[in-house]
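Trainee: got a sequence here, can you build the structure:
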Amino acid sequence: MFSRIKSRTLSLLLCGAAIVAAFATTGCQMSIGGQTLPSAYYLQDDLQYFPKGPEFKLTREAAALKAAAARDSVNR
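Mentor: Purely as a prediction, here's the structure:
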């Protein structure tokens, strides 16, 4: 019986060590929703710079709606 418990403990320890080794060597980089999340090597990755864009992204649509509203008020 002692041998059986010792064998089970040893197998669980080996399995746990294999899982830890797999995670440590492969990293965990994944892509979710178009976003790349960090891997084990995120400190060595190149930085990406995205310049700041306009605060309000729908300026042309807003101008078109304003022009249409002006036309409708003149036509009434």
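Trainee: so in the chain, which helix runs the longest?
Mentor: Scanning the chain for the helix with the most residues, using DSSP state H, yields helix 2-26.
Trainee: give me the mean pLDDT for that helix.
Mentor: Helix 2-26 shows a mean pLDDT of 82 in the predicted model.
Trainee: and that helix, what's buried?
Mentor: For helix 2-26, burial by neighbour count (16 or more other C-beta atoms under 10 Å) applies to no residue. Every C-beta, even on glycine, is put in place using the N, C-alpha and C of the backbone.
Trainee: make sure residue 54 is indeed in a strand.
Mentor: No - assessed with DSSP: H, G, I helix; E, B strand; the rest coil, residue 54 is coil; it does not lie in a strand.
Trainee: tally of neighbours for residue 55?
Mentor: 6 (other C-beta atoms under 10 Å).
Trainee: what is whichever strand or helix holds residue 61 packed up against?
Mentor: Assessed by DSSP states H and E, residue 61 sits inside helix 59-75. Applying 3 or more C-beta pairs under 8 Å, 6 or more residues apart in numbering; DSSP states H and E, we find helix 59-75 packed against no helix or strand.
Trainee: returning to what we had before: gap between the longest helix of the chain and the chain center?
Mentor: 31 Å (C-alpha atoms, centre = their mean, to the nearest Å).
Trainee: same deal with stretch 66-76?
Mentor: For stretch 66-76 - counting by C-alpha atoms, centre = their mean - the centre lies 45 Å from the chain centre.
Trainee: noted, bye for now.
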